[in-house]
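Student: turn this into a model:
(2 chains)
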Protein chains: 2
Amino acid sequence: MQLQFLGTSAGVPTRRRNVTALAVLCSQGKGWFLIDCGEGTQHQVLQTSLSLNQLQGICITHMHGDHCYGLPGLLSSAAMNGRKAPLTIIAPKGIQQWIEATALYSEFNLGYELSFIEVNSQLHHRVGAVTIEAAKLSHRVPSHAYSFTEKTADFKLDVEKLIRDGVPRGPLWGQISKGISVAVNDRQISAQDYLIANHEAEKIVVGGDNDTPSLLGEICHGCQVLVHEATYTEDVALKVGSDVGHSYARLVAEFAQQAQIANLVLTHFSPRYQDHLKAAHCIDDIRHEAQQFYKGNLFLARDFATFDLDKQGQLSLMSRDL
Amino acid sequence: MQLQFLGTSAGVPTRRRNVTALAVLCSQGKGWFLIDCGEGTQHQVLQTSLSLNQLQGICITHMHGDHCYGLPGLLSSAAMNGRKAPLTIIAPKGIQQWIEATALYSEFNLGYELSFIEVNSQLHHRVGAVTIEAAKLSHRVPSHAYSFTEKTADFKLDVEKLIRDGVPRGPLWGQISKGISVAVNDRQISAQDYLIANHEAEKIVVGGDNDTPSLLGEICHGCQVLVHEATYTEDVALKVGSDVGHSYARLVAEFAQQAQIANLVLTHFSPRYQDHLKAAHCIDDIRHEAQQFYKGNLFLARDFATFDLDKQGQLSLMSRDL
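Tutor: Residues are numbered from 1 along each chain as shown, chains lettered A, B, ... in the order given. You can find the predicted model right below:
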């Protein structure tokens, strides 16, 4: 899978960073999922090679405006660009009510079917090879993390089992290797039983706003990547107070280290943190704090940064579209 | 007054043009008014020298998403940036209901007072030296035009009247010229009665989506500038059909010519019209069509284009912030 960040600023947009949105791209095909949709997400999409026609689903972590105010415009523009395929939105209940109110007042008619699934920690939603699950987080309003698990399409033959079960070497093995079930002496052989995945399923967890990273313990089981907010550094978080319901770099880093997550991407930075190194508060302060407590593969997101998760579970920065 | 265009595309944003929003800047002070607020308007404002703290009011022409989906984000960001001054929104009734629904679901608390005035053709709203009025237009949903009339602050003494009324030449005339009322032989002299405006009040009319420019006849009386949508050229408008409720270049140009409006700014172009001259449909096609029917001072808006209306009623392009 790949990740493309469409917005990495907390609360308000800045000149360089939009409010939150993230594309999770499937390995197989051109499909992608959108996690959160702050205002201006459709504008960001225009700057990428992503197509609203290929969008497989939208997941909203929570109902704060900087995570959802881009939804009505994105849904309308998809319709105006000719989308006909149904679209599913997994979100807190209020999102459905708000979108319905918005459609009513602004008289939008999408021309494609919109369906809503209310997020809760029992979520288990499959789209093609991808399974989406959710975990409850802690924030000022109900907030969730989503996991995206993509089944591998990369198999090898279980040669030992084939020999043991007397499946004759030759064209039959070829068919089984392509996933085609075959008959041997009137016995039906299911290809699936003789294929071994060449690598584990890819699993990415994307957190919503959250002040308690340990709540991600269960959903992060078996994941290679965690994307989580680090709105502040510890010193600023202490000044701001705990009412805001956000995490700071150290908190997330300690969790990811303890949970042995191989790749950690921090995002959702308070606008007080600027990109240039001479600023009073600098994005690099967040990086330095996280590095002290996390020894894995650490990244700080930027708008349009694209990351690729390879089959060995290693995440790497590919490019920025801009 | 000045105009700064923040969005000039119809329906959907493009890479170069955002959906509709326009700033009308007062001549006196730093105040400005926002007319329409498509998604991403707050992002556009970030690229200009406009401040949300100086915003004197918002006028929404109609409830289609490309004219109002930026409101919740802009209002929230103004609050997060510390705005405390009350803000008035003049809009169709549905806007108030939608903003209240949005505030409820997304739990935004602005920290400043928001008040709504329902637009109708009796509107007469004064803010400082500016008076805002409205006229009903014709579109798929209720749509209005707004006029902004700014009283002049540029006066000269009515010397003839001063002499006739026996006001002695000297320091008294100086005080009257500054607008200070004085006493002459126990008689109270109101400065206002002895001052003549050096030029007419500045008046700008901004239309909403509208397929019948002639509806602007009355509100355009005495205006120097009309800003109006020209979504299409005539050939495309005929193909698209009249259901869309939009104007094309010729229609607006003929009206402005007949109404003898000195300056006409066309905006809200269908995304099919591109900026480069070799495109199948080019923004310049709209200009050429309008020029055939309008002999005044014609402009086609671009995002961030800023226009200045001088005291002689002449509009001129100043600069683009980007």
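
Student: and the longest helix that chain A contains, C-alpha only, in CSV?
Tutor: Determined from DSSP state H, the single longest helix within chain A is helix A:93-106. The C-alpha trace of helix A:93-106 is given here as CSV (Å, rounded to 0.1, in the frame of the first residue of the first chain):
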residue,chain,number,x,y,z
LYS,A,93,-23.2,9.1,13.2
GLY,A,94,-23.3,12.9,13.1
ILE,A,95,-21.5,13.0,9.7
GLN,A,96,-24.5,11.3,8.1
GLN,A,97,-26.9,13.8,9.7
TRP,A,98,-24.7,16.7,8.7
ILE,A,99,-24.3,15.6,5.1
GLU,A,100,-28.0,15.0,4.8
ALA,A,101,-28.7,18.5,6.3
THR,A,102,-26.2,20.0,3.9
ALA,A,103,-27.7,18.2,0.9
LEU,A,104,-31.1,19.5,1.9
TYR,A,105,-30.2,23.1,2.4
SER,A,106,-27.8,23.4,-0.6
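
Student: give the contact list for residue A:124.
Tutor: A:131-133 (CB atoms under 8 Å, 6 or more residues apart in numbering or on different chains). Yep, even glycine has a C-beta here, placed from its N, CA and C like the rest.

Student: who in the stretch 51-200 of chain A is up against chain B?
Tutor: Residues of the stretch 51-200 of chain A found near chain B (CB under 8 Å from any CB of the partner chain) are A:63-66, A:68-70, A:72-73, A:76-77, A:80-81, A:94-95, A:97-98, A:101-102, A:105-108, A:140-141.

Student: can I get the buried ones among the residues you listed as something I can paste into ChimeraX?
Tutor: Filtering those down to the buried ones (16 or more other CB atoms under 10 Å in any protein chain shown) takes a single ChimeraX command:
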select /A:63,64,65,66,68,69,70,72,73,76,77,80,94,95,98,101,102,105,106,108
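
Student: in three-state terms, label the closest residue in space to residue A:54 that isn't next to it in sequence for me.
Tutor: Excluding the flanking residues, the one nearest residue A:54 by CB to CB, 6 or more residues apart in numbering or on different chains is residue A:30, at 4.7 Å. What DSSP: H, G, I helix; E, B strand; the rest coil gives for residue A:30 is coil.

Student: any idea how far residue A:30 is from chain B?
Tutor: Shown here: residue A:30 relative to chain B, a distance of 21 Å by CB to the nearest CB, to the nearest Å.

Student: swap in residue A:307?
Tutor: Residue A:307 is 24 Å from chain B, by CB to the nearest CB.

Student: that residue: how many residues sit nearby?
Tutor: A total of 22 residues lie near residue A:307 under the criterion other CB atoms under 10 Å in any protein chain shown.

Student: any idea of the pLDDT on it?
Tutor: According to the prediction, residue A:307 has pLDDT 97.

Student: who's in contact with it?
Tutor: Shown in contact with residue A:307 (CB under 8 Å, 6+ apart): A:2-4, A:225, A:265, A:299, A:315-318.

Student: which residues in the stretch 151-300 of chain A form helices?
Tutor: Ranges of helices in the stretch 151-300 of chain A, per DSSP state H, counting those that start in this stretch, are A:159-164, A:171-177, A:234-240, A:249-258, A:283-293.

Student: between the fourth one and helix A:283-293, how big is the angle?
Tutor: What it means is helix A:249-258. 40 degrees (axes from the mean of the first three to the mean of the last three CA atoms, to 10 degrees).

Student: what residues of the helix or strand bottoming out on mean pLDDT in chain A count as buried?
Tutor: Here the helix or strand of chain A ranked lowest by mean pLDDT, DSSP states H and E is strand A:315-320, holding a mean of 85. For strand A:315-320, burial by neighbour count (16+ other CB under 10 Å) applies to residue A:315.

Student: now stretch A:185-203
Tutor: Across stretch A:185-203, burial judged by 16+ other CB under 10 Å covers A:189, A:191, A:194-195, A:202-203.

Student: these: which two are farthest apart?
Tutor: A:189 and A:203 (30.1 Å; CB to CB).

Student: just to revisit the earlier point, can you list the contacts of residue A:307 in TSV and add distance to residue A:232?
Tutor: Shown next, in TSV, are those (distance: CB to CB, whole Å):
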residue	distance to residue A:232
A:2	28
A:3	22
A:4	25
A:225	22
A:265	17
A:299	18
A:315	24
A:316	27
A:317	23
A:318	28
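
Student: which of the contacts of residue A:124 fall within helices?
Tutor: Among the contacts of residue A:124, no member falls in helices (DSSP H).

Student: ok, and the most crowded of the residues you listed?
Tutor: Counting neighbours by other CB under 10 Å, the top entry in those is residue A:132, with 23 neighbours.

Student: from residue A:94, how far off is that residue?
Tutor: 19 Å (CB to CB, to the nearest Å).

Student: how about residue A:241?
Tutor: From residue A:241 to residue A:94 the distance is 26 Å (CB to CB).
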